[in-house]
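Asker: generate coordinates for the sequence data below:
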Amino acid sequence: MDRKILECLQEDAGLAVAEIAERVGLSKTPCWRRIRQLEESGMIRRRVALLDRDKLNLGVTVFVGVKTSKHDVKWLETFAKAVVNFPEVVEFYRMSGEVDYMLRVVVPDIAAYDAFYQRLIQRIDLTDVSSSFAMEEIKYTTALPLGYAG
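Answerer: This next block holds a predicted model:
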């Protein structure tokens, strides 16, 4: 039942509890209680609105691979602190493989990315930065594959 509720909320977090209850086959009050439990347990972290990047003039997505020769905790804390303060960075990961960190950056155009890049390299010492510009978005979703959830 919780999985069905989560599927509804992933599709549209603005659905009324009555609509969710109807879709999953519960009455309104038990459905509301389950949603509250999912929120309190942290299973639902927050509810957000998904915005249209193109209509907001943020149509350029750049995947930025970062290599560093420094792998100590202090450097990572400094790097993470710098990166999380850039609003252009919408995702930030520590990686395995050839690249140490991967950032997904959203900007209006190449000039805005270059300005971001210049600010980034001024704040932190990096060994190598590799930028790949997305040419076309073929699939994008925020919905998690709940079929694997326990």
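Asker: buried set for the helix-or-strand element of the chain with minimal mean pLDDT?
Answerer: Least confident helix or strand of the chain, by mean pLDDT, DSSP states H and E, is helix 73-84 with a mean of 93. Buried residues in helix 73-84, defined by neighbour count with 16 or more other Cβ atoms under 10 Å: 79, 83. C-beta coordinates here come from the backbone N, C-alpha and C atoms, glycine included.
Asker: contact partners for the residue lying farthest from the centre of the chain?
Answerer: Farthest-out residue of the chain from its mean C-alpha position, per Cα atoms, centre = their mean: S27, at 32.8 Å. Residues in contact with S27 (Cβ atoms under 8 Å, 6 or more residues apart in numbering) are A21.
Asker: for K70, see how far away the nearest residue to R123 once chain neighbours are set aside is.
Answerer: The spatially closest residue to R123, leaving aside those adjacent along the chain, is A82, at 4.4 Å (Cβ to Cβ, 6 or more residues apart in numbering). Taking Cβ to Cβ, to the nearest Å as the measure, A82 falls 13 Å from K70.
Asker: distance of the residue farthest from the centre of the chain relative to Q37?
Answerer: S27 is 16 Å from Q37, by Cβ to Cβ.
Asker: same question for V66.
Answerer: 39 Å.
Asker: so these two - more neighbours on which side?
Answerer: Set V66 next to Q37 and count neighbours by other Cβ atoms under 10 Å: V66 wins out with 21 against 13.
Asker: three-state assignment of that one?
Answerer: For V66, the assignment made with DSSP: H, G, I helix; E, B strand; the rest coil gives strand.
Asker: quick check: pLDDT value at the closest residue to it other than its chain neighbours.
Answerer: In space, and not counting its chain neighbours, V66 is closest to Y101: 4.2 Å by Cβ to Cβ, 6+ apart. Y101 is assigned 96 on the pLDDT scale.
Asker: same thing with A149?
Answerer: 68.
Asker: repeat that for V24.
Answerer: At V24, pLDDT is 96.
Asker: tally up the residues packed near the residue lying closest to it once chain neighbours are set aside, please.
Answerer: Of all residues not flanking V24 in the chain, K4 sits nearest, at 4.2 Å (Cβ to Cβ, 6+ apart). Using other Cβ under 10 Å, K4 has 16 other residues around it.
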